[in-house]
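Asks: would you be able to build a 3D model of this:
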Amino acid sequence: MQLLLGILPLIAFYVVDSWYGLRAGVGVAMGFGLLDVGVGWLRTRRLNKMALFSAGLVLVLGSLSLLSDNESFILWSPVIGDAVFAALLVGSLAMPVSILELAWSEANPEEPLDEVMRQFVRGLTVRFALNLLLHAAITGWSTTQGKDLWIIVSGPVQYAMFGIQIAFEALLVWRLPPRTEPESEPEQSRP
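Replies: Below you'll find the predicted structure:
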């Protein structure tokens, strides 16, 4: 369901942009950002911080795009969004808990990170930020090549890049040492 919600905005943007123009496409993408937050809340009765952040970024950049009335700014918005998110990810490593560690604890409150997984998630933060920066560079280049290429790069290429990263991360997780359960204190016999 989450993957479908991730792909639908791109499809809707492409269709609406083709028929009604770029401004309408941006409006639809903003609506899907809010829909993602709403569906998440209906499913869990909790607001997912990552979905809120993502929707907030789409709403801010989308609003600036619509207010600027400049097609070039609209095309550069995903580049700005990727770069901002990458900077926030890397910057969060200076805090006691990074953004991805916070996301883990929100998704798995009953399973805190041990030190091995904590180091893995911190490395994942850097690798994810690098993936975002690479996508930002490719998307920036595609804005100079035309809107049709930009739609492909800002959507399917991004999904492919993150799919490759997920496969790579799965291999890394597979190679991690097995998780050890905390040892419980032996029960003492009562006199």
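Asks: now the element after the lowest-mean-pLDDT helix or strand in the chain, going C-ward?
Replies: Ranked by mean pLDDT, DSSP states H and E, the weakest helix or strand in the chain is helix 2-20, scoring a mean of 66. Next along the chain after helix 2-20, taking DSSP states H and E as the criterion, comes helix 22-44.
Asks: go through that next one and flag the buried ones.
Replies: For helix 22-44, the neighbour count (16 or more other Cβ atoms under 10 Å) marks 22-23, 25-33, 36-37, 39-40 as buried. No exception for glycine: its C-beta is placed from N, CA and C like everyone else's.
Asks: pLDDT (mean, whole number) over that helix?
Replies: Average pLDDT, helix 22-44: 83.
Asks: cool, stretch 145-157 as well?
Replies: Stretch 145-157 shows a mean pLDDT of 84 in the predicted model.
Asks: how far off centre is that stretch?
Replies: Relative to its chain's centre, stretch 145-157 lies at 18 Å (Cα atoms, centre = their mean, to the nearest Å).
Asks: mind listing what's buried in it?
Replies: Going by neighbour count (16+ other Cβ under 10 Å), the buried part of stretch 145-157 is 147, 150-151, 153-155, 157.
Asks: tell me which element the nearest residue to residue 153 once chain neighbours are set aside is part of?
Replies: Leaving aside its sequence neighbours, residue 153 sits nearest to residue 142 (Cβ to Cβ, 6 or more residues apart in numbering; 4.0 Å). If you go by DSSP H and E, residue 142 is part of helix 115-143.
Asks: list the helices and strands the very next helix or strand once past that helix packs on?
Replies: Going down the chain from helix 115-143, the next helix or strand is helix 147-152, by DSSP H and E. Using 3 or more Cβ pairs under 8 Å, 6 or more residues apart in numbering; DSSP states H and E, the elements in contact with helix 147-152 are helix 2-20, helix 115-143.
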